[in-house]
Each structure stands twice: as C-alpha cells, then as structure tokens.
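Trainee: predicted model follows, preceded by the sequence.
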Amino acid sequence: MTHPSDPPRVRLKPKSDARGLRHGFPWVYASDLVTDRRTRALLPGTLAVLEDETRAPLGLVAVNPGSKIICRMLDQDPATTVDQAWFAQRIARAQELRARLFPDPYYRLIHAEADGLPGVVIDRFGDTCVVQPNAAWAEACLPDLTAALIAVTGVSHVLKNAGGRTRALEGLDDVSGILNGAAPTAPLAVPMNGATYLADLTGGQKTGLFYDQRPNHAFVARLSEGARVLDVFSHVGGFALAALAGGAASALAVDGSAPALALAEQGAQASGAADRFATRQGDAFAVLGALREEGAVFDVVICDPPAFAPAKPALDAGLRAYERVARLAAPLVAPGGYLGLCSCSHAADLARFRAACNRGIGRAGRSAQLLHTGFAGADHPQLPQLAESGYLKALFYRL
C-alpha cells in the first residue's frame with residue numbers, strides 16, 4: 001500500500017485535543033472524530049489526512065472505522081508516502097538501537113507506537129523474525145513491511161503471528177502464516193542472561209518468548225546464588241533459568257502449560273542445569289496453596305502472571321487477583337528471602353499494582369522492604385505520550 005495521490009480526509013470534532021496529537025499522542029478515539037457517512041465507508045486500514053476542526057492538516061493517519069482507536073498517526077507529514085522505503089527507514093532506526101544494546105540478534109525489534117509503527121510488534125530470533133500486525137493498516141501493508149524487514153535485517157525467515165485480543169478488536173482474523181522463508185521445525189535456542197531458552201515460534205504464546213523481562217531476570221539472578229528458587233507462571237522457565245545461571249542451588253518452575261514446561265526442561269538441559277531444575281504443572285493458585293500445606297520454603301519466589309487486568313473493565317478483579325498472588329506467595333518466602341511480583345496489565349498502573357501487592361503481603365502476616373522496581377527492557381521503549389506503552393511492572397521485596 002502506498003499513499004494515494006488524493007487521499008481521503010478525516011476531521012476532528014470541535015474541542016478535541018489536536019494539541020496532544022501535535023505533541024506526539026498517536027491515537028484518535030472514535031468519539032473525537034467526525035464520523036460522517038463518508039468516513040464510516042472507509043475500508044479498515046485506509047490511509048487518510050487528519051485535519052483539526054479548522055481543516056488544518058495534522059498528519060497522515062491509518063483509519064479503521066470499526067475500531068475504538070479510529071485513527072493511528074503514521075507520520076506528521078501529511079504528504080508522506082508509506083511504501084517499502086518508509087518502512088525500511090523506521091526499521092533501520094529501530095535496529096540501530098537494538099544492535100547497540102545487545103551483542104546477539106535476539107530482541108524485540110519493533111515495539112509498536114514507540115518505534116513509529118503503530119500496532120506492529122516484531123521480535124527477532126537470529127535469522128527469523130516474527131511479526132504481529134495488530135492493526136488493520138499494518139495487515140494491509142504486510143508486503144512492503146516484509147520486504148523492508150528483510151532488506152534491513154538480512155533475515156531469511158519471516159513469520160506472521162495472528163494471535164492475541166488486539167487483532168480481534170481491529171476486526172482482523174487469527175490466521176498465522178509464513179511471510180518469507182520457512183517456519184522452524186523445532187524450537188529455537190535463545191541465549192539470554194547466561195541461560196539458554198527454547199522458543200516455539202509457531203505454537204507458543206505470543207511470538208514464542210517474552211524478551212521484556214530480560215533486565216528483571218538479570219536482577220533475580222543477582223539474588224539467587226546458592227538460593228532455592230520458585231518461579232510461578234514460569235512459561236518456558238523465564239526467571240528459573242536465569243536464577244540457575246546466577247548460581248541458584250535449585251529452581252522449581254510452575255505453570256499450567258505442559259508444553260511450556262517441556263520447553264523449560266529443554267532450556268535447563270541446554271543451560272547445563274538440568275540436575276538443579278524441576279517443574280510442577282497445575283493451576284498456579286492451587287499449587288501455591290499446596291506448597292504451603294507441604295511446608296515448602298524458598299529463598300526467592302517470583303510470580304509473573306498473565307495480564308489479570310488487560311483493560312479498564314477488568315481492573316478491580318485484576319487487582320484482587322494480584323493481591324491474592326502476593327498473599328499466597330509471601331508465606332513461601334524464607335525469613336530474609338526475596339519476593340518478586342510482576343504485572344503486564346495495561347490498566348493496572350504502578351501505584352495500584354504496588355498497593356495490591358502490599359496488601360497481599362500484609363494480609364499474609366509478613367513485613368517487607370521494597371528493594372527494586374523493574375520495567376521492560378530497553379528493546380521495549382516507551383512512547384512518553386502513551387502510558388499504555390509502559391505496561392510491565394516488577395516489584396522486588398525482601399521479607
């Protein structure tokens with residue numbers, strides 16, 4: 001898709017926040033746009049010039065009349081041509097940052113709005129990239145995006161991951177596929193924090209591995225020398241494998257997914273730590289309760305659950321769930337030990353999440369020092385104007 005010679009125009013309602021858009025806010029909500037019959041008839045992903053109420057142009061946007069985020073700002077130059085060269089420029093800028101941060105090509109390459117590609121996530125696994133086109137405009141532009149990605153990075157394989165709730169909100173399907181090359185026939189080995197992780201790029205969660213926790217894994221590794229470690233909601237061994245690489249005496253990974261735990265076991269084997277690693281499959285809340293009944297005690301306990309509050313309607317229930325995790329996990333921590341609690345919920349900001357964790361620890365009868373607050377790694381940069389881009393929080397306590 002390229003910029004049409006005479007693009008359609010869409011206009012903000014009077015008193016909408018045009019200044020915020022000029023200062024970098026990337027979204028227009030449906031309630032702020034004049035949605036006349038012509039606008040409603042635009043195909044999802046159409047590129048259009050956005051105007052303020054005086055008809056002064058604000059930039060080039062992608063329009064989806066069926067989404068609550070009806071416009072996504074692509075470029076503040078309304079005359080921009082969105083083609084392979086445009087994508088290549090933004091991907092190259094993103095790769096320059098990652099290459100400076102990491103010695104090996106295993107990272108989040110594109111973090112949506114923060115890297116200038118709204119709704120687009122790209123994770124790199126060596127010679128393979130996994131693309132999540134979570135907005136209608138990105139789906140329409142996949143050929144140019146894929147060609148630019150290959151030209152800039154030199155990767156041979158590009159996969160499309162169509163999972164996740166965001167695509168459904170955009171009216172998109174959930175059909176994943178291969179955009180270039182071939183899908184790997186086995187999980188890929190990913191080096192990170194001295195451990196080796198196994199990433200299933202086609203059958204795993206999201207793109208196959210969560211790079212965002214990398215600095216928090218490293219912090220736990222520093223706490224773990226000689227320690228007994230419990231990693232709850234472990235996925236493919238995130239905190240457990242990092243702790244083992246940091247010299248943990250033992251690590252127990254708990255998750256509801258048998259395939260994820262199998263990958264964790266393979267990762268422990270590849271990391272040379274299989275003799276210190278064990279897994280336990282089951283509902284995390286039930287396992288936490290069972291471990292307490294068994295009298296189990298650990299020096300380091302980490303809980304990294306899925307998003308309990310992915311949107312505002314789920315906020316209250318999500319905060320209660322985070323409090324419950326803290327209440328169940330705290331009794332398992334040895335005196336003087338460490339408790340890490342994480343949230344990837346957009347809707348639960350840091351203050352609310354911290355308050356829920358503090359309540360849970362207190363209700364477990366434990367006192368605590370808050371040692372460290374962690375966030376996503378630098379390959380997940382935040383767009384300062386968009387609070388949603390800073391979703392990950394990790395709190396580390398000494399009990």
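Mentor: Nice, I can see it. Numbering: from 1, shown residues only.
Trainee: least confident secondary structure element in this structure?
Mentor: helix 165-169 (a mean of 87; mean pLDDT, DSSP states H and E).
Trainee: pull up the pairing partners for the following helix or strand past that one, direction included.
Mentor: As assigned by DSSP states H and E, the chain's next helix or strand after helix 165-169 is strand 177-180. Strand 177-180 pairs in its sheet with strand 157-160 (antiparallel), by DSSP bridges.
Trainee: what's the top strand by length along the chain in contact with?
Mentor: For the chain, the strand with the greatest residue count under DSSP state E is strand 333-343. The contact list for strand 333-343, computed with C-beta atoms under 8 Å, 6 or more residues apart in numbering, reads 213, 216, 220, 223, 227-228, 239, 297-305, 307-309, 322, 325-326, 329-330, 353, 357, 361, 366, 368, 371, 392-399. Any C-beta I mention is one placed from the backbone N, CA and C, and that applies to glycine too.
Trainee: L50 contacts V28, correct?
Mentor: Yes: assessed by C-beta atoms under 8 Å, L50 is found in contact with V28 at 6.8 Å.
Trainee: now the common contact residues for those two.
Mentor: Between them, L50 and V28 share these contacting residues under C-beta under 8 Å, 6+ apart: L12, L21, V61, C71, M73.
Trainee: so where do the helices sit in the stretch 251-399 of the chain?
Mentor: 258-270, 284-293, 315-329, 350-363 (DSSP state H, counting those that start in this stretch).
Trainee: actually the stretch 101-250 of the chain, not the one I wrote
Mentor: With DSSP H, counting those that start in this stretch as the criterion, the stretch 101-250 of the chain has helices spanning 136-140, 142-153, 165-169, 214-223, 238-245.
Trainee: what about the residue positioned nearest the centre of the chain, distance to K68?
Mentor: What sits nearest the mean C-alpha location of the chain, by C-alpha atoms, centre = their mean, is D212, with 6.3 Å. Distance, D212 to K68, using C-beta to C-beta, to the nearest Å: 25 Å.
Trainee: got it, and V121?
Mentor: Taking C-beta to C-beta, one finds V121 at 19 Å from K68.
Trainee: pick out whichever of those two has more residues nearby.
Mentor: V121 (23 against 11; other C-beta atoms under 10 Å).
Trainee: excluding covalently adjacent residues, which one is nearest to the more buried one?
Mentor: Residue nearest to V121 in three dimensions, not counting chain neighbours: Q132, with 4.1 Å by C-beta to C-beta, 6 or more residues apart in numbering.
Trainee: I'd assumed E170 was in contact with the one you found.
Mentor: No: the pair Q132 / E170 is not scored as a contact, 11.6 Å apart, by C-beta under 8 Å.
Trainee: list the residues that contact both of these two?
Mentor: Counting by C-beta under 8 Å, 6+ apart, Q132 and E170 have no contacts in common.
Trainee: contact partners for A148?
Mentor: A148 neighbours (C-beta under 8 Å, 6+ apart): Q84, A85, F87, A88, I91.
Trainee: so which strand or helix has the third one?
Mentor: Under the criterion DSSP H and E, the helix or strand holding F87 is helix 84-101.
Trainee: could you verify my assumption that E225 touches G247?
Mentor: Yes: under the criterion of C-beta under 8 Å, E225 makes contact with G247 at 3.9 Å.
Trainee: okay, those two: which has more neighbours?
Mentor: In this view E225 and G247 are compared by other C-beta under 10 Å, and G247 has more residues nearby, 15 against 12.
Trainee: gap between the more buried one and P7?
Mentor: For G247, the distance to P7 - C-beta to C-beta - is 58 Å.
Trainee: just give the number of residues close to A273.
Mentor: 22.
Trainee: I'd say it and A242 touch.
Mentor: No: contact criterion C-beta under 8 Å: A273 and A242 do not qualify, at 10.6 Å.
Trainee: need the overlap of contacts for the two.
Mentor: Common neighbours of A273 and A242 (C-beta under 8 Å, 6+ apart) are A195.
Trainee: returning to what we had before: mind listing what the residue nearest to V121 touches?
Mentor: By C-beta under 8 Å, 6+ apart, the contact list for Q132 reads V120, V121, I122, K160, N161, A162, G163, G164, K206, T207.
Trainee: any of the residues you listed buried? List them.
Mentor: Among the contacts of Q132, the ones that count as buried by 16 or more other C-beta atoms under 10 Å are V120, V121, I122, K160, N161, A162, G163, G164, T207.
Trainee: any chance of the backbone angles for E225?
Mentor: phi -60, psi 120 (degrees, to the nearest 10).
Trainee: I misspoke; the intended subject was P381.
Mentor: The phi/psi pair for P381 (degrees, to the nearest 10) is phi -60, psi 160.
Trainee: what's the spacing between it and P44?
Mentor: 27 Å.
Trainee: which helix or strand contains the spatially most distant residue from the centre of the chain?
Mentor: Farthest-out residue of the chain from its mean C-alpha position, per C-alpha atoms, centre = their mean: T54, at 37.9 Å. For T54, there is no helix or strand it lies in under DSSP H and E.
Trainee: low-confidence ranges, the stretch 101-250 of the chain, go.
Mentor: Of all residues in the stretch 101-250 of the chain, none has pLDDT under 70.
Trainee: do that again at 80, thanks
Mentor: 164, 204-207 (pLDDT under 80).
Trainee: output stretch 125-134 as PDB, nothing but the C-alphas.
Mentor: Taking C-alpha atoms only, stretch 125-134 is exported to PDB below (Å, rounded to 0.1, in the frame of the first residue of the first chain):
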ATOM      1  CA  PHE A 125      15.200 -14.700  16.800                       C
ATOM      2  CA  GLY A 126      18.500 -14.700  14.900                       C
ATOM      3  CA  ASP A 127      17.700 -15.400  11.300                       C
ATOM      4  CA  THR A 128      14.000 -15.400  11.900                       C
ATOM      5  CA  CYS A 129      11.600 -12.500  12.700                       C
ATOM      6  CA  VAL A 130       8.000 -12.900  14.000                       C
ATOM      7  CA  VAL A 131       5.600 -10.100  13.000                       C
ATOM      8  CA  GLN A 132       2.400  -9.300  14.900                       C
ATOM      9  CA  PRO A 133       0.400  -6.900  12.600                       C
ATOM     10  CA  ASN A 134      -2.100  -5.900  15.300                       C
END
